[in-house]
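1. sequence isn't available, so here's the structure alone:
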């Protein structure tokens, strides 16, 4: 009987371990809470567009510039979200304070969105007209799903999951 329990425990442990490894680490990705969100062309685009090494280098530089320029804004966005969560959970917080915090969040989102558009335009300048045309032909474009890219709270070019609700 003890042998049966031992075998059952091993089977349960192996089953649990395989599901953990199947889902991967929660913190992977560039975005908020482990989600990856597209602000620019994702890594899968390079293979489809046949980018030259020089173009890939310029794309990487544009991505690093975007990440550096938006680092402080993304951090502020992270802090404001936490503050808003705390206000909503506080029974003594009044509606005006919560609405004011939401307006601050929206202003930061707008700033980040504008930077993301500038990033996409910078990437577009690196591409040839044929490569730009190929983006539309391969189905890459603006999607409201999760994709690959840099930045948090941004959607745009990338291999996303398609239209759907935004989960944060």
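-> Nice, I can see it. Nothing here was measured: the structure is a model prediction, and the numbers come from that model. Residues are numbered from 1 along each chain as shown.
2. count of residues packed around residue 110?
-> Look at residue 110: counted by other Cβ atoms under 10 Å, it has 10 neighbours. Yep, even glycine has a C-beta here, placed from its N, CA and C like the rest.
3. assumed residue 92 was part of a strand.
-> No: assessed with DSSP: H, G, I helix; E, B strand; the rest coil, residue 92 is coil; it does not lie in a strand.
4. mind listing the strands for this structure?
-> Listed in chain order, the strands of the chain (DSSP state E) span 141-142, 157-158.
5. neighbours around residue 108, how many?
-> With other Cβ under 10 Å as criterion, residue 108 counts 20.
6. contacting residues for it?
-> 73, 76, 77, 80 (Cβ atoms under 8 Å, 6 or more residues apart in numbering).
7. what about the third one, how many residues nearby?
-> A count of nearby residues for residue 77, using other Cβ under 10 Å, gives 21.
8. how close does it sit to residue 52?
-> Residue 77 sits 35 Å away from residue 52, going by Cβ to Cβ, to the nearest Å.
9. go on, the second one?
-> When Cβ to Cβ is applied, the distance between residue 76 and residue 52 equals 37 Å.
10. which one's more surrounded, those two?
-> A count of neighbours by other Cβ under 10 Å puts residue 76 above the other of residue 76 and residue 52, at 16 against 12.
11. pLDDT at the nearest residue to the more buried one once chain neighbours are set aside, what is it?
-> Closest residue to residue 76 apart from its sequence neighbours, by Cβ to Cβ, 6 or more residues apart in numbering: residue 108 at 5.6 Å. On the pLDDT scale, residue 108 is placed at 95.
12. and the longest helix belonging to the chain, what other elements does it pack with?
-> Of all segments of type helix in the chain, defined using DSSP state H, the longest is helix 53-89. Contacts defined by 3 or more Cβ pairs under 8 Å, 6 or more residues apart in numbering; DSSP states H and E place helix 53-89 against helix 95-126.
13. what about residue 93, how many neighbours?
-> For residue 93, the count of nearby residues is 14 (other Cβ under 10 Å).
14. again, but for the one 10 residues further on
-> Counted with other Cβ under 10 Å, the neighbours of residue 103 add up to 10.
15. show me what contacts the closest residue to residue 105 other than its chain neighbours?
-> Closest residue in space to residue 105, ignoring its immediate chain neighbours: residue 80 at 4.9 Å, by Cβ to Cβ, 6+ apart. Going by Cβ under 8 Å, 6+ apart, residue 80 touches 101, 104, 105, 108.
16. now for those: which two are most distant?
-> 101 and 108 (10.9 Å; Cβ to Cβ).
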